[in-house]
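Novice: Below are the sequence and a predicted model for it; my questions follow.
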Amino acid sequence: MQQRTALPFPPPSRYIPPMSKTESIRNLKRIPGVGPSLSEDLYRLGFTSVSALADQDPQAMYDRLMELEGCHVDRCVLYVFRCAVYFASETQHDPARLKWWNWKDQS
C-alpha cells in the first residue's frame, strides 16, 4: 500500500481557488479611477485582487508596465497606481486621496 503524501494546499474546507481573469478584472475595477483598460494593465502586471496591491511600489509597477508595453506610458497611469496602492493599503480613506489627480508629482 502506498503512503499518501501531504498536499501543499490547505485542507479543502479552507482552500479558496484563484479568481478567474474575469473575476479579477471585476475586482480591480472597484478601485477609484481604474476602468477596463487599467484593470487589464494591473492584471498583466500580476495583480488579481485589490488586496494584492497593498504596500506595493507604484513607481516599480509603472516602470514594469512601460517595459511590458515597450514604450512610454502616460504619467497619469503612475498617479492612478499611487491611488490604487493607497486604496488597497488603507482601511479608512480620505475622499480627496481617492481621486487619482491628487497623486500628481509635487512641483
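Specialist: Okay, I see it.
Novice: tell me the pLDDT at residue 55?
Specialist: At residue 55, the pLDDT value in this model is 94.
Novice: count of neighbours near it?
Specialist: Look at residue 55: counted by other CB atoms under 10 Å, it has 7 neighbours. The C-beta positions use only the backbone N, C-alpha and C, and glycine is treated the same way.
Novice: what secondary structure does it sit in?
Specialist: coil (DSSP: H, G, I helix; E, B strand; the rest coil).
Novice: Tell me where the longest helix sits in this protein.
Specialist: helix 76-89 (DSSP state H).
Novice: How far off centre is it?
Specialist: Distance of helix 76-89 from its chain centroid, counting by CA atoms, centre = their mean, to the nearest Å, is 9 Å.
Novice: Just the CA trace of it, in CSV.
Specialist: What follows is helix 76-89, C-alpha atoms only, in CSV (Å, rounded to 0.1, in the frame of the first residue of the first chain):
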residue,chain,number,x,y,z
CYS,A,76,-1.3,59.7,-15.3
VAL,A,77,-1.1,55.9,-15.0
LEU,A,78,1.5,56.3,-12.3
TYR,A,79,-0.9,58.6,-10.4
VAL,A,80,-3.7,56.0,-10.7
PHE,A,81,-1.2,53.3,-9.4
ARG,A,82,-0.4,55.5,-6.4
CYS,A,83,-4.1,56.0,-5.7
ALA,A,84,-4.7,52.2,-6.1
VAL,A,85,-2.0,51.3,-3.7
TYR,A,86,-3.4,53.8,-1.2
PHE,A,87,-6.9,52.3,-1.6
ALA,A,88,-5.6,48.8,-1.1
SER,A,89,-3.3,49.6,1.8
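Novice: how about the helices in the chain?
Specialist: Counting by DSSP H, the helices of the chain are 21-28, 36-44, 58-69, 76-89.
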